[in-house]
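# just need the structure, nothing else, for what follows:
(one chain, ligands or ions: 1)
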Amino acid sequence: GPGAGGGADLLRARMRLSLQERLWAFYRERVNIPGEEQAAARRAALDICAELRVFLHAKLPDMPLREMYLSGSLYDDLQVVTADHAQLMVPMVLEKNLWSMVPGEDTIMNVPGFWLVRRENLEYFPRGSSYWDRCLVGGYLSPRAVLEVFERLVAGSINWPAIGSVLDYVIRPVVPSETLTLEVQYETDRRLYVDFLPLLSMEDGGALIAKPHRPAAERHQNLWRQSFRAAETARLRALDREDGGCRCACLKLAKAVCKLNAALQRLNASQLTNALLLLSDTEGDWTQEALADRFLQLLRALVRHLEAGRLPCALNPKVNLLCELLEPEVDELGYTLYCALSDPEGLLRT
Ligand code: GDP
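Numbers count the residues shown, from 1 in each chain. This next block holds a predicted model:
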């Protein structure tokens, strides 16, 4: 009868309340990184960035680059659990008349969100006219070849032990790594991973990054990845600013849960951010009191996306953010999250 239903509702409300409390406690104790730790990591990253700038200017004055800069969640207050990674953005300059960008959906591979960068006008401007011609593979600028150029420099010709001893860090290139990564031990028990991320500016203000498509199939070799990170992050922040919402807190919780649970590590910030943005389209209440409800809804939405094998990018729905996951990975993620729906607090016991 109505009495029993009311009791069940009340019980449910009480359980919600406790999940809510646990989520905020977890947020304070595990997710959030102390300001001092963030500052120390940023300082170490900046020291490395400064050294690399000096080195590249001296060693390769004609490499057409704009100034390198640091970016990533460490700089957007979206990093979670430990301050342990950052991206070193390396903007490459391409001659306008020598290169053109071809969207992935217009190629035989048909992958929205990825692009080919084609060398043009070879008959008038022969190979060698552009510095980056050395990275041509089959008429296209190869992100792998670009990464190799930096790898040779960074792993081969920089005296990291010497620089490290000046800065009082232990610095070493991580090999093998999918991108190009430096490991920086800046205190006895603190490590920072700095990823090199060469990037190309697009005409509309977007960017392509040299982060390989996975799985690393031969036919995907030359694909550049369109980065939506800046726009996604800005949109999420703007929504929170408008209504004092908890979307960023919800994102950081989800990121922490994925970072701390081995079975969820394949879910990345971009997938989580976009799932949240899509949820924001239909869900209006992002008050602090709604955190547990929204968090559970996010889990449910992720399960649905994984079941469908499709998570559209909020900024370009043609892009499927699950397209690089292998089927067993999708299954494992979906199963783990599905189980978590009946025991969400289990996700916090790590
Ligand atoms: P987190 O690494 O999970 O904390 O999330 P971030 O928001 O810092 O995202 C970093 C990841 O996004 C890295 O794997 C990058 O390769 C990738 N990424 C894609 N586009 C960008 C970009 O424009 N800037 C940065 N910093 N990372 C990007």
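# other residues contacting the helix or strand where residue 56 lies?
For residue 56, the element it lies in under DSSP states H and E is helix 35-59. For helix 35-59, the external contacting residues (Cβ atoms under 8 Å, 6 or more residues apart in numbering) are 63, 65, 67-70, 74-75, 79, 82-84, 86, 88, 153-154, 157-158, 163, 167, 169, 171, 182, 184, 186-187, 190, 192, 194. Every C-beta, even on glycine, is put in place using the N, C-alpha and C of the backbone.
# near the ligand too, which of those residues?
With the criterion set as Cβ under 6 Å from any ligand atom, the members of these near the ligand are residue 79.
# and the contacts of helix 35-59, which of them are in strands?
The strands, defined by DSSP state E, take in 69, 70, 86, 88, 171, 182, 184, 186, 187, 190, 192, 194 from the contacts of helix 35-59.
# pick out whichever of those residues sits closest to residue 330.
Distance ranking of these against residue 330, using Cβ to Cβ, places residue 86 first at 28.8 Å.
# contact partners for that closest one?
Contact criterion Cβ under 8 Å, 6+ apart gives 41, 42, 45, 70, 71, 72, 74, 75, 192, 193, 194, 195 as the residues in contact with residue 86.
# give me the nearest residue to the third one, chain neighbours excluded.
To tie it back to what came earlier, the one meant is residue 45. Computed as Cβ to Cβ, 6 or more residues apart in numbering, the closest residue to residue 45 that is not its neighbour in sequence is residue 86, at 4.6 Å.
# pairing partners for the one you found in the sheet, please.
residue 194 (DSSP bridges).
# tell me the pLDDT of it.
The confidence metric pLDDT takes the value 98 at residue 86.
# same question, residue 166
Taken from the predicted model, the pLDDT recorded for residue 166 is 89.
# and it, how far from residue 153?
Distance check for residue 166 against residue 153: by Cβ to Cβ, to the nearest Å, it reads 19 Å.
# which one of those two is surrounded by more residues?
Applying other Cβ atoms under 10 Å to residue 166 and residue 153 shows that residue 153 carries more neighbours, namely 18 against 10.
# is it true that that one touches residue 90?
No: with contact taken as Cβ atoms under 8 Å, residue 153 and residue 90 are classed as non-touching, separated by 10.8 Å.
# please list the residues of the chain that sit near the ligand.
With Cβ under 6 Å from any ligand atom as the criterion, the chain meets the ligand at residues 71-73, 78-79, 85, 87, 195, 197, 207, 209, 211, 227, 229-230, 255, 268-269.
# and the ones in strands among the contacts of helix 35-59, which two are the farthest apart?
Pairwise distances across those (Cβ to Cβ) peak at 23.9 Å, for the pair 69 and 187.
# what's the end-to-end length of stretch 198-205?
Start to finish, the residues bounding stretch 198-205 are 16 Å apart (Cα to Cα, to the nearest Å).
# for stretch 72-79, same thing?
The distance separating the two terminal residues of stretch 72-79, taken as Cα to Cα, comes to 8 Å.
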